[in-house]
Each structure stands twice: as C-alpha cells, then as structure tokens.
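>>> Return atomic coordinates for the entry below.
(one chain, ligands or ions: 1)
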Amino acid sequence: MPHHQDIADDTETQSTYECLVCGNIVRADSHPGECPDCDGGFQNRAMSLE
Ligand SMILES: [Zn+2]
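All right, here's what the predicted structure looks like:
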C-alpha cells in the first residue's frame, strides 16, 4: 500500500488575525479569541501582509 501523506508546512497553517477594535495584529494557528489589549474580537485577514 502506498503511504499517502498530505502534510502542509507548519508555517502555512498559521493565519493572521486583526483586532476589529484597536487593529492589533496576531499570527496564530487557531483563532486567538479576544484581543489582550482591548478585549475586542479578532477577524481573520488572510494574505494581507506580504
Ligand atoms: Zn484590540
């Protein structure tokens, strides 16, 4: 049996999130939840900081 692997690069699994309130930018592999600075919500902003 062929051993099929479908593994993405670890760095490619991270997404960039921006705080909707203060604009704080965080890179994480899962949603960061609330902003540590202002308790605002984060929005995923893919491929915007290249
Ligand atoms: Zn914030």
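
>>> ok, now how distant is Cys38 from the ion?
Taking C-beta to the ion, to the nearest Å as the measure, Cys38 and the ion are separated by 4 Å. Every C-beta, even on glycine, is put in place using the N, C-alpha and C of the backbone.

>>> Can you verify my assumption that Cys22 contacts Glu34?
No. The pair Cys22 / Glu34 is not scored as a contact, 11.5 Å apart, by C-beta atoms under 8 Å.

>>> Need the overlap of contacts for these two.
Taking C-beta atoms under 8 Å, 6 or more residues apart in numbering as the criterion, Cys22 and Glu34 both touch Gly40.

>>> I'd like the next helix or strand past the host helix or strand of Thr16.
In this structure, Thr16 sits in strand 15-19 according to DSSP states H and E. Next helix or strand after strand 15-19 toward the C-terminus (DSSP H and E): strand 25-28.

>>> give me the low-pLDDT residue ranges for the protein?
When residues are selected by pLDDT under 70, those of the chain lie in 1-2, 5-11, 47-50.

>>> returning to that earlier point: which residues touch the strand holding Thr16?
24-29, 31-32, 35, 37-38, 40-46, 48-49.
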